[in-house]
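Asker: What follows is a predicted protein model with its sequence.
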Amino acid sequence: MSNILATAIRNIPHLVAFDEMAKKKIDALELEKLLVYIVDTVDKTVLPFLAEQFDVLGYKGMKLATTEEQQREVIKKAIELKRYKGTVWAVKEALRTIGYPTAIITEGVGSGPNGWAEFKILLDGGNNFISASSIDDILKNVEEYKNTRSHLVGVSFSIDLGTENINLTDESVENPSVIDEDVLTVGSGFRYDGANVYDGSKNYSSDSDILEMEIITT
């Protein structure tokens, strides 16, 4: 902390001592904890102003924060996110604040000479509404916090379907069976081993399933 004493009083011993004590107290403050207290207690109408002050507007967080709770979380993490910007932790933490708490980042997924700099992200869709625009928002959020040399090449969403049924249909009336040694198990009650005929109307699964979809970025 710089010297804020006026030139005329910088040589007065007791004022210098008081100034040094104040510096130590201020330097010892844990700003992250202080910010958490402020953000948790202020009225929600103040949140946009705090977001602007701590530079988390737009795709740095506030644009993607759909609830008041998420907005407060984005602001509370502002100092740490700026401090660790460019790290995997910052990307994961930024995603957590906007509703994706279990993001899995896999680095070095490419096969070319620059494969070491390519990475993918797996997100648990949870209760989030996933659309083309929300995916674009996520990509821009990641862009804000990743390091400049890394390139995001894919985003996958894992969605727990619970006990819901999945109905698969196709355009053909009937597909002939294929006899081979492969065995495919789908859901809880259907095993395809070449002896069954799939006609586009089979209802797959009444158990708990996970649906995964992947978006390839360019």
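Answerer: Yep, it's here.

Asker: Hmm, residue 145 is touching residue 97, no?
Answerer: No. Using CB atoms under 8 Å as the test, residue 145 is too far from residue 97 to be in contact (10.6 Å). The way it works is simple: take the backbone N, C-alpha and C, and place the C-beta from them, glycine included.

Asker: quick one, which of those two is more surrounded?
Answerer: More crowded of residue 145 and residue 97, by other CB atoms under 10 Å: residue 97, with 26 against 23.

Asker: Would you enumerate the residues in contact with that one?
Answerer: Contact partners of residue 97, counting by CB atoms under 8 Å, 6 or more residues apart in numbering, are 61, 65, 70, 73, 74, 77.

Asker: how about the helix or strand where residue 152 lies: buried residues?
Answerer: Per DSSP states H and E: residue 152 is located in strand 151-162. Under the neighbour-count criterion of 16 or more other CB atoms under 10 Å, strand 151-162 has 152, 153, 155, 156, 157, 159 buried.

Asker: Looking at those, which gets the smallest pLDDT?
Answerer: Note: of the buried residues of strand 151-162, the lowest pLDDT belongs to residue 159, at 73.

Asker: What's the local residue count around the residue nearest to that residue when sequence neighbours are not counted?
Answerer: The spatial neighbour of residue 159 that comes closest, neighbours along the chain excluded (CB to CB, 6 or more residues apart in numbering), is residue 125 at 4.1 Å. By the criterion of other CB under 10 Å, residue 125 has 17 neighbours.

Asker: pLDDT below threshold where in this protein?
Answerer: 1-5, 25-37, 127-128, 160-218 (pLDDT under 70).

Asker: the helices in it, which residues?
Answerer: Using DSSP state H, the helices of the chain run over 13-27, 31-41, 47-53, 68-76, 78-83, 88-97, 132-145.

Asker: Reformat these as TSV; add distance to residue 118.
Answerer: Conversion of the helices of the chain to TSV gives the following (distance: least, CB to CB, whole Å):
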stretch	distance to residue 118
helix 13-27	41
helix 31-41	32
helix 47-53	32
helix 68-76	27
helix 78-83	23
helix 88-97	13
helix 132-145	13
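
Asker: how much space between the residue nearest to residue 54 when sequence neighbours are not counted and residue 57?
Answerer: The shortest distance from residue 54 to any non-neighbouring residue, by CB to CB, 6+ apart, is to residue 78 (3.7 Å). According to CB to CB, to the nearest Å, residue 78 and residue 57 sit 10 Å apart.

Asker: got it, and residue 68?
Answerer: From residue 68 to residue 57 the distance is 16 Å (CB to CB).

Asker: So between those two, which is more surrounded?
Answerer: residue 57 (14 against 10).

Asker: Is the more buried one in contact with residue 63, as I believe?
Answerer: Yes. At 7.3 Å, residue 57 counts as touching residue 63 under the criterion of CB under 8 Å.
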